[in-house]
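Asker: Compute the structure for the input listed below.
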Amino acid sequence: MAVDLDLLRELTETDGAPGHEERVRDVVRSHLPDRVDNVDTDAMGNMVATVEGDANPDVEVLVAAHMDEIGFIVRHVREDGFVQVDSLGGWDPRVLRAERATVHGEDGDLAGVIGAPPPHTDENPHMRDTDAVKDVFIDLGLSGEAASERVHVGDRVTLTQRLEPVGSLVTGKALDNRVSVYAMLKAMERVDPDVTVHYVATTQEEVGLRGAEAVGFDVAPDLVLNLDTTAANDIPQFIYEEDYITEVGEGAAVKFKDGVVLPNPKVVDHLLDVAQRRGIPHQREVLTAGGTDTGPFQRTHGATPVGAISTPTRYLHSPTEAVHTDDVDAVVDLASAFLADLDGTETYTL
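Answerer: Here you go, the predicted model:
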């Protein structure tokens, strides 16, 4: 299977900062297959697309992928027209210099740029020793009066970047986690499930896993499979192989741990068994820091068996995130094969 770059490009280039994911939700809705029986949204903006099971519909499985991207929120419009922001998600401020940005105002989008001081001023005594998000100023090319008319405190801001093939990789913004939304949509197309499957595009993952926690009160699944990205630190800046977490091109990552979850070991074993039986390239993931929606799904509605499949991603939380197309295919293959393998008789009680 070749990666559908048109769909992946549409998903990643559509802007959706935490709390304002409506544009992405509309894209997802427009690509739902005909086999979806029901679509609901909630007050958090989560979207649930349900496919009723053919053989054992009373058993319910939830497949989730968060659709928000890290971004910013406007906190102040200066008298000189520059816009100051606060972060929505985990930014390394060092990657923000010399980036293009879009301010999403009530009256439409405004293009802007996060400037970078020229190297001639590196010895300026007023320069800060370290970068911080509070020092990000977005230049809209507008006067203070014009900026204050178009931009307001609370407006969302996203970075602007195209999706581009780079060798066997594709790179762009918001691959965390639109690549998983892509995988979920492709699995939805492939699988006629024996059990009922709720495919959920969640919100506000990047600001504390909030959307997933809310979904847990509306849907009480018997099993959860979460799809997200994970770090692939197989790049020259890292020396020790144990710091790689995963490697691009080595297949889908089956999660054993992240910062908020230890997945159900029987679900993990089931995922590994399916991958081995189907010959799907895969690797094991132990993420030492950072959390995913897998955590709140495990415990919000009581004890729930959970598993997770991750797409290895270089340069996470930057405008140039990168994934290997073979890994994207492997995640789609494993998620689809796992769902097709479920007949409703499985038990994951420990």
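Asker: Touching the helix or strand bottoming out on mean pLDDT in the chain from outside, list them.
Answerer: Using mean pLDDT, DSSP states H and E, helix 210-218 stands out as the lowest-scoring helix or strand of the chain, at a mean of 85. Contacts to helix 210-218, defined as C-beta atoms under 8 Å, 6 or more residues apart in numbering, come from residues 42-46, 48, 62, 64, 66, 68, 200, 202-205, 226, 293, 296-297, 300-301, 304. Any C-beta I mention is one placed from the backbone N, CA and C, and that applies to glycine too.
Asker: repeat that for 6 Å
Answerer: 44, 46, 200, 202, 203, 204, 293, 296, 297, 300, 301 (C-beta atoms under 6 Å, 6 or more residues apart in numbering).
Asker: Return the subset of those residues lying in helices.
Answerer: Among the contacts of helix 210-218, DSSP state H puts 296, 297 in helices.
Asker: Just the ones in strands from the contacts of helix 210-218, please.
Answerer: Among those, the members found in strands (DSSP state E) are 200, 202.
Asker: which one of the contacts of helix 210-218 sits closest to residue 265?
Answerer: For those, the closest approach to residue 265 (C-beta to C-beta) belongs to residue 297, at 16.3 Å.
Asker: List the residues that contact the residue lying closest to residue 223 once chain neighbours are set aside.
Answerer: Distances taken as C-beta to C-beta, 6 or more residues apart in numbering put residue 61 closest to residue 223, at 4.8 Å, once the chain neighbours are dropped. Counting by C-beta under 6 Å, 6+ apart, residue 61 touches 195, 197, 221, 223.
Asker: Could you export those as CSV, including secondary structure?
Answerer: As requested, those are exported to CSV (DSSP: H, G, I helix; E, B strand; the rest coil):
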residue, secondary structure
195, strand
197, strand
221, coil
223, strand
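Asker: out of the residues you listed, who's nearest residue 165?
Answerer: Among the contacts of residue 61, and counting by C-beta to C-beta, the member closest to residue 165 is residue 197, at 31.3 Å.
Asker: what are the ranges of the helices in the stretch 101-250 of the chain?
Answerer: Per DSSP state H, counting those that start in this stretch, the stretch 101-250 of the chain carries helices over the ranges 144-150, 175-190, 210-218.
Asker: Any stretches of the stretch 101-250 of the chain with poor pLDDT?
Answerer: Along the stretch 101-250 of the chain, segments meeting pLDDT under 70 span 120-130, 216, 238.
Asker: List just the nearest of the contacts of residue 61 to residue 102.
Answerer: The closest of the contacts of residue 61, once distances to residue 102 are taken by C-beta to C-beta, is residue 197, at 34.5 Å.
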